[in-house]
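Q: Attaching a predicted model along with its sequence, questions to come.
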Amino acid sequence: MRELGYTIVASKETADGRRLFLGEAEDGGQALLEALSLAVSGREVTLLRDLRKAIQALPAPEDVPEQAGKIVMYQELLRIEGEFYLQLPYDERIWVNWENNGVYELSPQKVVTAAEAMLTVLGELKNQEELDFAGFTPQDLVLLGPEAWAVIDPRVRALLVPYRAEDRQRRYFSPPEIIKGERWTESSHIYTIGLTLYLLGTGVFPYPLDGEEKTVTAIMREKPLDPRYHRPEISESLARFILTALHKEAEERLGLAQAIELIRKIKETGGRAIPEEEARLREEAGVKLRQAERKRRAYWWWQRVKIPALIGAIALAFLFAMTRGGYQEVITPQTKPEEVVRYF
């Protein structure tokens, strides 16, 4: 961590509230600065140490292969006027387009190019055998132009999850196997790419966000609704790509090579539905959305009532048994006279 002569000269904010600062050094150099904005206090020393180690472990810019240019890597942890910042390399495209980040319901073509950027980065990290990071989210993406994307290094961003409120929803991008406690794999990251594309393309998170229990339960058991019922403009091939990436079973998802091949084919068509298909899906959407919501409500209604219902059923059975009696005296020819007298 260094004290440098940077002066904050401007700032910009994304549509979802993420701020980026422009810093100028004493020698006229510029840097893009991301404030740490810690929401959890008391563990800053641990975080700062881990961030510094992670950044120092990244390769030098001259050692990064040209095909890995879609990764924007942090360069330094700085302290400026008492505040901590993560320094990004100055790229005018990032600065100019910063305010256009955090926007959802993007065009299918822009969704496809975002997929291509994330898959490229995943391929590069896989080549480096660095897969043990917490997947991808829309907050990792940055626009470089109308339909050009880069990915801010997710290895460093994963360290910020426990400390920054805006990064805590990253845990909702975890696939079922990670929730179960397994390690991150290529397939796990493909899942997070699919979930990111779903949100970018529809503006809708496919699972409920009104409580952690509901969200995690839905991730484990619900099949996401076809994204075309939220955005009929999405082509069948793009929707199928997203839903396959979101399969609950890791072995049923796309492999990285297959995903790259498919997304490049989809890119050639633009990822947009033909007019007839778009019209049909638009007509069906209302019914499908209502059915999905009724099914979700029915499940949670049953979760609330099943234990009281079970207790009530046991109580009724016990009461029924008690009122019937467990033993009834019966008089037969073999009954002794004194037992008959006692009975009456």
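A: Yep, that arrived. Bear in mind that the values here come from a model prediction, so they are computed numbers and not experimental data.

Q: and the closest residue in space to residue 13 that isn't next to it in sequence, what does it touch?
A: Nearest residue to residue 13 in three dimensions, chain neighbours excluded: residue 19, at 5.0 Å (CB to CB, 6 or more residues apart in numbering). Using the backbone N, CA and C atoms, a C-beta is placed for each residue, glycine as well. Residue 19 makes contacts with 11-13, 34-35, 37, as judged by CB atoms under 8 Å, 6 or more residues apart in numbering.

Q: so which helix or strand takes in residue 210?
A: Counting by DSSP states H and E, no helix or strand carries residue 210.

Q: I should have written residue 299 there, sorry.
A: helix 275-324.

Q: Report the residue spans of this structure with pLDDT below the cut-off.
A: 1-4, 38-45, 58-69, 164-168, 300, 302-307, 309-310, 312-313, 315-344 (pLDDT under 70).

Q: All the strands of it, residue numbers only.
A: 2-3, 7-13, 19-24, 30-35, 71-72, 76-80, 83-88, 141-145, 148-152 (DSSP state E).

Q: Distance to residue 249 added to those strands, as JSON lines?
A: Shown next, in JSON lines, are the strands of the chain (distance: least, CB to CB, whole Å):
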{"stretch": "strand 2-3", "distance to residue 249": "47"}
{"stretch": "strand 7-13", "distance to residue 249": "40"}
{"stretch": "strand 19-24", "distance to residue 249": "39"}
{"stretch": "strand 30-35", "distance to residue 249": "36"}
{"stretch": "strand 71-72", "distance to residue 249": "29"}
{"stretch": "strand 76-80", "distance to residue 249": "40"}
{"stretch": "strand 83-88", "distance to residue 249": "36"}
{"stretch": "strand 141-145", "distance to residue 249": "27"}
{"stretch": "strand 148-152", "distance to residue 249": "26"}
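
Q: Identify the residues contacting the residue nearest to the spatial centre of the chain.
A: The centroid of the chain falls nearest to residue 173 when counting by CA atoms, centre = their mean (2.1 Å). With contact set as CB under 8 Å, 6+ apart, residue 173 has these partners: 134-137, 192, 195-196.

Q: Return the distance of it relative to residue 158.
A: 11 Å (CB to CB, to the nearest Å).

Q: and if you look at residue 103?
A: Applying CB to CB, the value for residue 103 to residue 158 is 23 Å.
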